[in-house]
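Visitor: Okay, predicted coordinates and the sequence, questions at the end:
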Amino acid sequence: MKKINVITSSLLLLILITFSTLIKSDETVTTKESGDESSKTPLEQIPIGLNGLNDTLYWGTYRPHTYFGMKTRSTLPINTGLIWSTPNIGMGTYNKFHYKVVQGGDNGIKSYTWVKHDGKNFGSQEIIDFQGHLNLTTSFIKNSGPKGGDWSVKISGKSNYTNKGEVPLVSLIYYIHDESLKKSSENGLTINIADDNNNNNKNNNIHIKGEHPEIGKYTLHFKDIKSTSNDNDDGDNTNNNCLEEMRKEEYNLVDNQKDLCDWRFYGSSNYDSSTNWNIFNNIFDQDFNQHNEAVFRTWNTQRFKHFIPTLPNKLKQNSNVIAVQRVLTVPFNIEISFISHEFHNEKELTEQQVEEIIKSILTGTAFDKTFSKFEKQFDDKFNKKFLGEKLKKHKPEIYKVSKESLSNLLGGFGYWYGSGITKKSLKSDKIIKSKPVALFSATPSRPAFPRGFLWDEGFQQLLASTFDVELTIESLSHWLNIMDENGWIPREQILGLEAASMVPEEFRLQLPNIANPPSIILAINRLLEISQAYKERTAHMSGNDNTDARQFKINMMRDLSVIIENNKEYDSIQRFLHSALPRIERFYQYYWNTQSSGLIENSFRWRGRKINHTLASGLDDYPRASEPSTSEVHVDLNSWVAFFAKSLSTLTKYLGGSDNKNQEKSELYFKQFRLIQSNIEQMHWDEKENLFHDILIHKNGTKEFTRTYGYMNYFPMLLGVLDTDSPKVSPLLTTLKDVNGIWSRWGIRSMSVKDKNFGTHENYWKGPIWININYLFVQSMNKIYTGTPAINECYQTLRFNIINNIGNIYSETGNIYEQYDPLTGLGIRNRPFNGWTALVSLISSEQY
C-alpha cells in the first residue's frame, strides 16, 4: 500500500488538540456510557404479520435456491417443489435431474426468470433448459386467507428445438415435505389415486392428504392429464401428452423400460433432523435405486438407448415426503393445487368437495381468469409506481429489465427459521448455536447467495418499498427482531442446516464484534419519506398545508410514484416506525460501543480486518492499510455512522411531535452527526488530491493517508454527509469525471484504472462496477447535491450509462449480473443477481 504525505508531528498535534477541545467541551456527545446500560434492557419484538399479512404471506415461493416451489412462512414449514429431467436428450444423462438453481448458463439451464411476480398473490417464471431442448413455465396463483388458504400451480412445457428426433421426453416430479410431522405421529402423508373403477393409475386425479398444526387437514391435488382435448372439460388440459400410445422404439428406450404412461409416486420417511432437509436424497434413496437397478443394468449394455428412472409406487409408513412423477411429451400442462380444508369451513372435506373447489376456483379457465386479474393489477401498479409511460420512452429493453428485475427481486424473497453459530464470548473459543430466529428477507442471488445479507437488504428494500411498503415493513421487522441485547445483527443469516450446506465453513461463524454497513437505514429513511409525502399531500388537499407551493411541487415530482394511497398503508408505516425506534436506536449504539476507533473520539474503525480483506465493510478486498492495526480510522464507516446519526435525528423529530424527550433525542443525534462530520472533513480530506481517504494515526502523533483511488474517496458525498453547499463537492465531482480514473461508459468503477491495485488478486472491489454504489452516486446528485449545471450534466450522463449498459447486457444474455466489467461493461461474476443490481428499476424511473 502506497503511503505518503506524512503530516509533521507538530501540525498533527495541533489538529488533535483542536479536536480534543471540541469533543471534551460542553457540546461533547457520546453514547457509550448510556449505551452500555441501555443495551442490557430487553426490547419488545416488533409485531409482524399485521393487517392480515400473516394470511397473505403464509404461502410463497420462499425457497429461492430451487427452481420452483411453494413454502409456508412457518417454523414448521410445508415445502413443495419441482424436479425434472429430459432423459432422452444426449447420452448418459438419465440421472440429470434439475432441482437447485445454478449460475445462468451452467448445467444446461440458460436462464430462469420471473417475468412477473408481485411478492404476494401470483407469479410466472420462464425456465430455458437449453441442453434439454425444453422451455418450462411455472405459474402460480393464491387464494389467501385463514388456515393457509389455497393455491394452484400450472407447469407448462414446450420444445425449444425444431428437430423432431430431438423433442424431449420430460420426467416431471413434484414433491411435498411436511416438517411438522413427527416420528411419533399417528399418521403421515397419504396418497390416493382415483381410479374411476379402472383399477390403474392412468389419467386420474391424485390426492395427497396431510394435517398441519397451523392449517388443519389439507390436500395436495394433481389434476388428471388427458392426452386429447375433451369438449366437456371446459377446455382444461388440452394439448397434454402422456405416453399411452408411445412405442418404446420411437424414443429409443431400453428394452425393459418400466411403464411410463401413468402417475408414479414414492413416499419417504426420514425424521433424522441432520438429513431430512435434503429432499433430493430423501427421494432418490436406496429404495429408488433398487427399484431401477434392473433397468439400469440393461441400460449399461445398451448405452445407445435411453433409460428413464421411475419412482417405485411405494409409500413408507409415516411418510413425511411424497413425490409424484409423470413422464410427458411436449407440449403439456400440469395443474397442482393445495386446499386447506378449514379455510372452506370444514374440518375435513370429502374428495368430491375437493374436486368441486379445484374446478370452480383453481384450475382450467378459473386459474386463467384469476391469473389475468392479478397480472393486470401488477402491470397497473408497476406502471404507476415506476412511471411506466416514462420508462417506455427509453429503448424497449429498459422497460423490460426494469419490470423483470423488480419481479426477480420479489420472487427471490425467502423465509428461514433456525440457528446460526457464534462464539460464547470474544474471549472464548467455544462455538455455540445462537437462539433460533425467523427471517423473511429478499436475497441477493438465487444461485450464489440465497439467504439474507444485512449489507444488501437495505438496498433491496429501497426497491421493494417503492412497489409494496408492506413487504418492506415485514422484512425490516424480521431483521430488527433478530438483533441481540447489545444491538448486534449478524451480517449473514445462515439459518438451519440446509442454508449452512450452501456456505463454505469459513464463512459460517458470525462474531458479535463484526459489524456491517447499516444500510437498512436507507430503507427506513425511504419509509419516512413516503410517509411525509403522503402527509403533505393529504394536508395540501385538505387546505391545511403549511408547506410552500414550490416545496410541495418538488416533493410531488420526486415521490409521486411511491406515495401511498390510503390511510391503511400510512398507518402501517407509522406503527412500524414507532415500534421499531427502540431497536433502531440500539442498533446505532452498537456501532459506538463496538466500532469506535479508540484514537479520536467520534470516529470509527471496522473490526475483524485481515490483510487484504475487510469483510465487515461490505467492500471485502478493497485496499486498506497494508496491515490491520488499531491505528486505522475508516472514512466509509465514519460516513455510515454520521449518516445514521443524521437519519435518527430526522426520525425522532418526525415521530416526536410535541414529545420533548424525542425532540431532545433529535438534537442529540444531530450534534453527534456534526461532530463526526467535522472529523471527516478535517481528518480525512486530502487537500492535495481533493479526495477523502482512510487514515492512520501513529504512536508519535503523525497522521498518514492510506491513499487509494476508488469508491472510498466519495463516501461522505454518497451518503449525504457533506453539506449541500460544501466547497468539497465541486472538486470531488471533477475527480469523479476522470475517464482514465473511475469514470467509465458503463458506470462508476470501484477502483481507478490508475490505482496500482486495480484488477489485482481477488479483484472483487478493485475495479468492477457495482450498481449499489452507482445508485448512491446518482441519488445523491439527484436528491442532495443539486442546483448546478455541472452536477446535473454528470447525473444525466451517469444515469444513462448505467441503465443503457444493464439493458443491453440483459437483452443479450437474459441475466442481471453481480458486477460489470470496468473495461468492457460486460456482465461478470454471479448471475442472475437480482439483489441490489435490480436498483436499475429505480435509476431508470428516477425514483430515489
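Guide: Received it, and whenever you're ready, just let me know what you need. Numbering: from 1, shown residues only.
Visitor: Quick check: the gap between residue 694 and residue 674.
Guide: Separation of residue 694 from residue 674 (Cβ to Cβ, to the nearest Å): 21 Å. Every residue, glycine included, has its C-beta placed from N, CA and C.
Visitor: Give me the more crowded residue out of those two.
Guide: Taking other Cβ atoms under 10 Å, residue 694 and residue 674 do not tie; residue 694 has more neighbours (26 against 18).
Visitor: The more buried one: what's its closest spatial neighbour, skipping adjacent residues?
Guide: Closest residue to residue 694 apart from its sequence neighbours, by Cβ to Cβ, 6 or more residues apart in numbering: residue 706 at 4.1 Å.
Visitor: Tell me the bridge partners for that neighbour.
Guide: Beta-bridge pairing for residue 706 (DSSP bridges): residue 3, residue 694.
Visitor: what about it, how many neighbours?
Guide: Count around residue 706 with other Cβ under 10 Å applied: 20.
Visitor: what sits against it?
Guide: Residue 706 sits next to 1, 3, 623-625, 632, 693-696 when contact means Cβ atoms under 8 Å, 6 or more residues apart in numbering.
Visitor: Name the nearest of those residues relative to residue 301.
Guide: Nearest to residue 301 out of those is residue 623 (Cβ to Cβ; 59.9 Å).
Visitor: Was I right to think that closest one contacts residue 766?
Guide: Yes. Look at residue 623 against residue 766 with Cβ atoms under 8 Å: they come within range, at 7.2 Å.
Visitor: Name only those of the contacts of residue 706 that count as buried.
Guide: Among the contacts of residue 706, those scoring as buried are 623-625, 632, 693-696 (criterion: 16 or more other Cβ atoms under 10 Å).
Visitor: any residues in contact with both of residue 623 and residue 766?
Guide: 751, 755, 757.
Visitor: In this protein, where's the longest helix?
Guide: Using DSSP state H, we find that the single longest helix of the chain is helix 567-595.
Visitor: Packing partners of that one?
Guide: Contact partners of helix 567-595 among helices and strands, from 3 or more Cβ pairs under 8 Å, 6 or more residues apart in numbering; DSSP states H and E: helix 32-38, helix 469-482, helix 520-542, helix 635-656.
Visitor: What residues sit buried inside that helix?
Guide: Across helix 567-595, burial judged by 16+ other Cβ under 10 Å covers 569-570, 572-574, 576-577, 579-581, 583-595.
Visitor: For that helix, what is the distance to the chain centroid?
Guide: Relative to its parent chain, helix 567-595 has a centroid offset of 21 Å by Cα atoms, centre = their mean, to the nearest Å.
Visitor: right, and the helix or strand after it?
Guide: Using DSSP states H and E, the helix or strand that follows helix 567-595 towards the C-terminus is strand 632-633.
Visitor: in the chain, which helix or strand is least confident?
Guide: Ranking every helix and strand in the chain by mean pLDDT, DSSP states H and E puts strand 3-4 at the bottom, with a mean of 32.
Visitor: picking up where we left off before, save the contacts of residue 706 as CSV, and put in distance to residue 742 too.
Guide: Shown next, in CSV, are those (distance: Cβ to Cβ, whole Å):
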residue, distance to residue 742
1, 18
3, 21
623, 14
624, 17
625, 21
632, 23
693, 14
694, 17
695, 21
696, 23
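Visitor: where are the low-confidence patches of the stretch 601-750 of the chain?
Guide: Scanning the stretch 601-750 of the chain for pLDDT under 70 picks out 658.
Visitor: same question, the chain
Guide: Those would be 1-39, 90-95, 162-165, 194-203, 225-248, 542-563, 658, if you go by pLDDT under 70 across the chain.
Visitor: Pretty sure residue 360 sits against residue 366.
Guide: Yes. Taking Cβ under 8 Å as the definition, residue 360 is a contact partner of residue 366 at 6.2 Å.
Visitor: closest to residue 687 among the shared contacts of residue 623 and residue 766?
Guide: Nearest to residue 687 among the shared contacts of residue 623 and residue 766, with distances taken as Cβ to Cβ, is residue 755, at 19.7 Å.
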